[in-house]
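1. next one to model:
(2 chains)
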Amino acid sequence: MVVSEQDIIKVIVFQLADKEYAIPVSHVQGIEKMIHITRVPGTERFVKGVINLRGVVTPIIDLRERFGLPPAEKTESVRIIIVQLDGMEAGFIVDSANDVLDISADSIEPQPEVVGAIEEPFISGVSKIGNRLLILLHLDKVLNLPD
Amino acid sequence: MEMNQQYLDMFIEESKEHLQTCSDYLLELEKNPDDLSIVNEIFRSAHTLKGMAATMGFEDLADLTHKMENVLDAIRNEKIAVNSNILDVVFESVDHLEAMIMDIAGGGGGKRDVSGIVSKLMAIEAGEQLPQNNPATKETAADVAMEEVSSESQLVYDEYDITVIQQSKEQGFNVYEITVSLRPDCLLKAARVFMVFEVLEKNGEVLKSFPTVENLEEEQFDQTFQVAFITKVSQEEIQEKISKVSEIDHVVVVPLTDDMIKKTGKGAIASKEQLQNEIHMDSKQDKKTEAAKKEAKTAIHNSHSKTIRVSIERLDILMNLFEELVIDRGRLQSIAAEAKHPELTETVERMSRTMGDLQNIVLTMRMVPIETVFNRFPKMVRSLSRELNKKIKLEITGAETELDRTVIDEIGDPLVHLIRNSVDHGIESPEVRKAKGKPEEGTVTLRAYHSGNYVFIEIEDDGAGINKEKVLKKAIERGIVTKESAQTLTDKQINELIFEPGFSTAEKITDISGRGVGLDVVKSTIQALGGAISIESQEDVGTIFSIQLPLTLSIISAMLVKIEDEIYAIPISSIIETSIIQKSDILNAHNQKVIDFRGKVVPLIFLEEIFEVPRNEKHEDGCHSVVIVRKGEKLAGLVVDSFIGQQEIVLKSLGNYLKNIFAISGATILGNGQVALIIDINALM
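-> Below is the predicted model of the structure:
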């Protein structure tokens, strides 16, 4: 059976605390190891600063802090996922980058309302792959500073 | 279609140039309405524009240009006398044409309702009883075309050539005269010529060409050129090969006979002599115009001779790559300093010097004469002064002064605003000027010049100047200053009030300027470019706006300083000096820590507080490192932990996500690959 391309979404799966999250590959520019971050004064707490990404000064957001999760210990698996949206580039600090998966659009369900987690406004839907539950993110909401 | 796309940019660029030429010469024509050679220049530009527009399929554009051309032609043939009203209509047409080109540049189809202006142009044409004009132009155009196509030999052979031809023939070579006609819509004439020559040179030797190779390369010919060609290849074969080059209309290859050599030789010499005589007579009759014409021609010639067009995109890429190199150089320098390896140090030093030269070249490549901004102002001032019934002369000096492309793109609007301001508020009406004992015609001077690492642009008018009482009254009304503080302001400070947001002194709000939005926007635009604006004014004498702009925006000298383990860059341009002060030197004045710096009281700014630098342990020793910075006449001392040193840094933006960070104007990448933030002195003071 041939599945049309529209129905399949390729996503990058990453880990934050005990949950797995997904971002469409089309928005991901690359995955980097942790490097020196220069603090930028006068920004939101979750903006950790800027890095030199091959000559481009790129802002870095700590997703744990953005979602109100407790800070993690620094481990070797910590990654910066570089995303771009509407010409804006930013990096997300995540616990680890786990996988690249194809998920079918049909498998995405709206977020069950009962969850009530802090990250709720950032969630666009959930997808169940086998026994894994992937949380899909609203990139624009994650990036937009609260007004 | 894809061809069109490829040529679109070129078309837009060249159309703009032709329109500029039109308006330049139109202004010239207004001053010397009897000089018909000027009309010829305008006509030529309009004609080329029409041709290009028609080729690219922009019919409205071609149509309007055609109508304009008819009027110009009538002027040229002395069927219509030049007067301001006619020029107004022609100027208006140029405005419409400009708008169309802008539309095309913005991705539009260049469509525009021009029926109004077209009927005006037709009225001028017909109003002077010239119904025959239309066919007449066509006829002459056709005549010219006929002449161009005729394949009569233009080649002149001297004795040396003749010997070569004869010897070649004896050795069994064929000698042909080849006439190549390019298609009338050919856009890259020089390129086609090059391709034809390439074909020829593969198959034999080009003996001579008419026009000369240099002229061909500079596209100084219409559609046809001729070459004398020595080859072993047959007539048909060479014809076929040349015809394969695209955009060629037709090729005529004829074997060169001895008769032809002699005949053409004589004829050409005769005509040459005739030509010289003619020029001679002309110059006697009308030395002035001839000289002026020549000057104009050589000027055009010079600017065309040794330039190529490079897209800005490529220059930006080059700049980016160079910036990477600058960063690596910084890194190498620090490695070399640590390694203390003499050969390495020497090589790095040599490389640094070469890089310095390279930097100069890369930066100057991005420099554009400010002329490109200035040259739209004469027309603007002309129409404004007519609208306002004022007599105004615009003088421009230093138009050749060069500025970085990025600055050029941004500086246009602020200048428009300032000039409108001078024309509207500055220069008085002729009656008022007369009463004041000034010449009726007011003068606005636009001046640009280099000084150090800056370019200065001044807009000076000999108008009414700023009325200080009026400004103060208004400022108090609008709540910009209080009555009490108004007493203490210096004249300069009062003048500066007009840059405050929400300030407008014009009693009558006109279309041209003065809606209370404006001068503050001008000021912020200039500051965003890293520049500054100041104003000098004397009542009834005039006003000078002076803009100071940095030469370049991308690479600057900066002082690197350290606070805890964070590194910040301070632009050298705003630093006066650095010094170490003792804690005991700090005085308190109104809750503000100050120091006495060479007899001046200078406030201290503790960067660790402004930037909330996290401290591992309290920094405690008896002295502070202070960078004394300046903004205008104000001084301040920035307190840091230590100085690292001076370095060339590449300015980078923090991106769209982090906008409006207080007191940070951007970032740079250090030798070790880390990012350092650049301090915005203007925001701190």
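2. can we go C-alpha only for contacts and neighbour counts from here?
-> Will do.
3. would you pull up the residue in the stretch 51-200 of chain B closest to chain A?
-> Closest residue of the stretch 51-200 of chain B to chain A, Cα to the nearest Cα: residue B:106 (20.3 Å).
4. regarding the closest residue to residue B:495 other than its chain neighbours, what is its secondary structure?
-> With Cα to Cα, 6 or more residues apart in numbering or on different chains as the criterion, residue B:495 has its nearest non-adjacent residue at 6.6 Å, and that residue is residue B:535. Assigned with DSSP: H, G, I helix; E, B strand; the rest coil, residue B:535 falls in the strand class.
5. need the contact partners of stretch B:348-360.
-> With Cα atoms under 8 Å, 6 or more residues apart in numbering or on different chains as the contact definition, stretch B:348-360 has outside contacts at B:322, B:326, B:329, B:332, B:333, B:336.
6. state the number of residues packed around the third one.
-> The local packing count at residue B:329 equals 20, with neighbours defined by other Cα atoms under 10 Å in any protein chain shown.
7. buried stuff in stretch B:538-549?
-> B:538, B:540, B:542, B:543, B:544, B:545, B:546, B:547, B:548, B:549 (16 or more other Cα atoms under 10 Å in any protein chain shown).
8. low-confidence regions, the chain specifically.
-> Picking chain A for this. A:1-6, A:112-119, A:145-147 (pLDDT under 70).
9. let me rephrase: I mean chain B.
-> B:1-6, B:127-154, B:259-305, B:452-453, B:502, B:504-517, B:552-553, B:618-620.
10. report the closest residue of it relative to chain A.
-> Taking Cα to the nearest Cα, chain B has residue B:611 as its residue nearest chain A, at 5.2 Å.
11. so residue B:472, which of the three states?
-> Residue B:472 ends up helix, using three-state DSSP.
12. look at residue 120 and say how many residues are nearby.
-> Picking chain A for this. So residue A:120, with other Cα under 10 Å, has 16 neighbours.
13. other chain: chain B
-> With other Cα under 10 Å as criterion, residue B:120 counts 18.
14. swap in residue B:537?
-> 22.
15. do the same with residue B:596
-> Residue B:596, neighbours per other Cα under 10 Å, totals 12.
16. shouldn't it be within a strand?
-> Yes: assigned with three-state DSSP, residue B:596 falls within a strand.
17. one step back: turn the contacts of stretch B:348-360 into TSV, columns for secondary structure and distance to residue B:663.
-> Formatted as TSV, these follow (DSSP: H, G, I helix; E, B strand; the rest coil; distance: Cα to Cα, whole Å):
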residue	secondary structure	distance to residue B:663
B:322	helix	27
B:326	helix	25
B:329	helix	28
B:332	helix	30
B:333	helix	29
B:336	helix	34
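18. now tabulate the residues you listed in CSV and tack on distance to residue A:98.
-> CSV is the format used below for those (distance: Cα to Cα, whole Å):
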residue, distance to residue A:98
B:322, 37
B:326, 37
B:329, 38
B:332, 37
B:333, 40
B:336, 41
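19. restrict the residues you listed to those near chain A?
-> Counting by Cα under 8 Å from any Cα of the partner chain, nothing from these sits close to chain A.
20. ok, and the most crowded of those?
-> Busiest of those [other Cα under 10 Å] is residue B:326, holding 23 neighbours.
21. contacts only, for that one.
-> B:355, B:648, B:649, B:650.
22. what residues does chain A have near chain B?
-> Going by Cα under 8 Å from any Cα, the residues of chain A near chain B are A:36-38, A:40-43, A:50-52, A:55-59, A:88-90.
23. just the buried ones from the residues you listed?
-> Buried among these (16+ other Cα under 10 Å): A:37-38, A:40-41, A:43, A:50-52, A:55-59, A:89-90.
24. sorry, back to before: return the subset of the contacts of residue B:326 lying in strands.
-> B:648, B:649, B:650 (DSSP state E).
25. can you tell me which of the contacts of residue B:326 is closest to residue B:121?
-> For those, the residue nearest residue B:121 by Cα to Cα is residue B:650; the value is 53.5 Å.
26. beta partners for the closest one?
-> Beta-bridge pairing of residue B:650 under DSSP bridges involves residue B:555.
27. contacts only, for it.
-> Residue B:650 touches B:323, B:326, B:327, B:554, B:555, B:556, B:668, B:669, counting by Cα under 8 Å, 6+ apart.
28. same thing but at 10 Å, please
-> Going by Cα atoms under 10 Å, 6 or more residues apart in numbering or on different chains, residue B:650 touches B:320, B:322-324, B:326-327, B:553-558, B:666-670.
29. can you give me the end-to-end span of stretch A:125-136?
-> 5 Å (Cα to Cα, to the nearest Å).
30. secondary structure element for residue B:543?
-> Per DSSP states H and E: residue B:543 is located in strand B:542-550.
31. just how off-centre is the biggest helix by length in chain B within its chain?
-> As assigned by DSSP state H, the longest helix anywhere in chain B is helix B:2-31. Distance of helix B:2-31 from its chain centroid, counting by Cα atoms, centre = their mean, to the nearest Å, is 14 Å.
32. cool, stretch B:378-394 as well?
-> On Cα atoms, centre = their mean, the centre of stretch B:378-394 falls 23 Å from that of its chain.
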